[in-house]
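1. I need the structure of the sequence given here:
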Amino acid sequence: MPTDTGADLEELLTRGTLTPVGRIAGSSNGALLCLVGDPADEILVIHKPEATERRLWDYPDGTLVARERAAWLVSEAGGFGVVPPTVLRDGPLGPGSVQLWVGPVSGEPEQEPLVDVLDPDEVPDGWLVVLEGESSLGEPVVVAHSPEPVLRTVAVLDAVLNNSDRKGSHVLRDGAVVRGCDHGVSLGVEPKLRTVLWGWAGEDLLAEDVARLERLAAALTDGLADELAPLLTAEEIEALTHRVDVLRRHRVHPRPRGGWPAIPWPAL
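-> Numbers count the residues shown, from 1 in each chain. Prediction:
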């Protein structure tokens, strides 16, 4: 991977030659694995064409790819560093999003999971159990996740984004940080946080995450809202600002609320 600065990487994602190399298995929206750049300086990206989006009744305004870009802008403005660099550009099927690929590809070793479905007796020390249930054979299982602070920061950003689809497979290690991907169904107006990262529900936020919220609040009043305006509705930007303000005031991880499933399906 090239050693570009953030600005250079964004420029490469936006203007570099986009070459599809395969379709993402299981993608509901026709996502493609692509190479971007010249042969001597290529990086892997995931490209989601707007034309292959499956429109959702609860996200009727705008496009899902626009929310992918908006989530990156919010993550960067607050200093969360969770969402990989994401741009909007033309591709082989027209406009869409292009996001830096994070994680292994075929033939590379799998990463140690940050979220897993486990036998209750096999939960690693310190891991946080968020759901108890049964397997298809009627055996007890739990959904649990790592207690690492970098994953906790992902949980805070998800509350900011009102992320309705934080599956375990959507959090990946990227060196010393944890990245979160797939934010097309986020940033809606109605509260619908749906995540596997409930292990800190009701606990005080870490001071570092409070500082990120303060930084994000300042950014929203200093140009970020204008940058989000082409991507989200005015009501969605207002709801985003309100969520940030509530988290700043209470400084507590939210708890699941009624009227909406708290865990995505499948969980991983």
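2. going forward, measure contacts and count neighbours with C-alpha atoms only.
-> OK.
3. ranges for the helices of the stretch 151-268 of the chain?
-> 207-219, 225-228, 234-250 (DSSP state H, counting those that start in this stretch).
4. nearest to Gly62, of those?
-> For those, proximity to Gly62 was assessed by Cα to Cα; helix 234-250 is nearest, at 11.0 Å.
5. list the contacts of that closest one.
-> 159-161, 187-189, 210, 213-214, 216-217, 220, 225, 228-229, 253 (Cα atoms under 8 Å, 6 or more residues apart in numbering).
6. then stretch 258-268?
-> Contacts of stretch 258-268 (Cα under 8 Å, 6+ apart): 115-116, 143, 164-170, 192-196, 256.
7. what about it, start to end distance?
-> 22 Å (Cα to Cα, to the nearest Å).
8. from here on, call the first residue 33.
-> In the new numbering, first residue 33, that becomes stretch 290-300.
9. in it, what counts as buried?
-> 294-296, 299 (16 or more other Cα atoms under 10 Å).
10. show me which pair in the residues you listed is furthest apart.
-> Checking the buried residues of stretch 290-300 with Cα to Cα, the most distant pair is Ala294 and Ala299, at 10.4 Å.
11. distance of Thr51 from Ala63?
-> In terms of Cα to Cα, Thr51 sits 13 Å off from Ala63.
12. which one of these two has more residues nearby?
-> Ala63 (22 against 19; other Cα atoms under 10 Å).
13. for Val217, see how far away that one is.
-> 15 Å.
14. one step back: tell me the one of the contacts of stretch 290-300 nearest Glu43?
-> Closest to Glu43, out of all of these and judged by Cα to Cα, is His202, at 25.0 Å.
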